[in-house]
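Novice: this is a predicted model, with the sequence first.
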Amino acid sequence: MSDPIRVLIADDHLIVREGLRLILETAEGMALVGEATDGAEAVRLAGQVQPDVILMDLRMPGVDGLTAIERLRDTHPHIAVVILTTYNEDDLMLRGLKAGARGYLLKDTGRETLFHAIRAAARGEMLLKPEIVAKVLAHAAAPEPAPVSGLELTDREREVLEAVARGERSKEIAACLHITERTVKAHLTNIYNKLGVDSRAAAVAEAIQRGWLA
């Protein structure tokens, strides 16, 4: 029997932490290992309890979630961070993804979606539902396309990136595009290099800001 996914909650609202705690207690294969009320405590507890996944609020007093994500990327890059957000935090959410978060959830998300996102993050994957991306784009100001040092994505790279934004895994992308998983990974490496990022979530966030995922 595999070990449970170790989850840490970071949110300054008690009612949110209590709600997540009750939900996680019913989840098979998951274990709540800690609760933090701000970003500094989240980083400290991450070092102590070594969670697999952190559910991170962005707006917290003191050290906010964005700063905590940046610190965790430097100190505990193996820990997956999933952002907890609301629609009026779109800019922060995008910055969080670029800082290293694996994905994001709305605070009113359903139980099964929460479990799916946690499991995906623990596997090193990301979950960006198309309808959520659409809402982010609808609420964000029109982005200014940023220079890419003369480099543009190829048509195939754009297809791969669009599939990543839909939350598809490499195996699914390969099957859909009739290419190998190794080729998908090669395209992802090229995309990361061109966008100056190092993760799927960061690539999608950068593409959203450039207006490439309308």
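Specialist: Sure thing, it's come through. Not measured: the values here are computed from a predicted model.
Novice: C-alpha only now, for contacts and for neighbours.
Specialist: OK.
Novice: out of everything not next to it in sequence, what's closest to E28?
Specialist: Spatial nearest neighbour of E28, excluding adjacent residues (CA to CA, 6 or more residues apart in numbering): P4 at 8.0 Å.
Novice: next helix or strand past the helix or strand bottoming out on mean pLDDT in the chain?
Specialist: Across the helices and strands of the chain, mean pLDDT, DSSP states H and E gives its lowest value to helix 130-139, namely a mean of 58. Scanning forward in sequence from helix 130-139 by DSSP states H and E, the next helix or strand is helix 155-165.
Novice: can you list the domains in this protein?
Specialist: Per the record's domain assignment (automatic domain parsing), the chain is made up of the domains 5-127, 129-214.
Novice: low-confidence ranges in this structure?
Specialist: 1, 87-88, 127-151, 214 (pLDDT under 70).
Novice: determine the longest helix present in it.
Specialist: helix 181-195 (DSSP state H).
Novice: could you pull out the helices for this protein?
Specialist: 14-25, 39-49, 65-75, 90-99, 111-122, 130-139, 155-165, 170-177, 181-195, 200-210.
Novice: just name the most buried of these.
Specialist: Of the helices of the chain, the one with the most neighbours on average (mean count of other CA atoms under 10 Å) is helix 200-210, at a mean of 23.
Novice: off-centre distance for it?
Specialist: 11 Å (CA atoms, centre = their mean, to the nearest Å).
Novice: hmm, A31 and the residue nearest to E28 touching each other?
Specialist: Yes. The criterion here is CA atoms under 8 Å, and P4 meets it with A31 at 6.0 Å.
Novice: who has more neighbours, the two?
Specialist: A31 (19 against 13; other CA atoms under 10 Å).
Novice: appreciated, that's everything.
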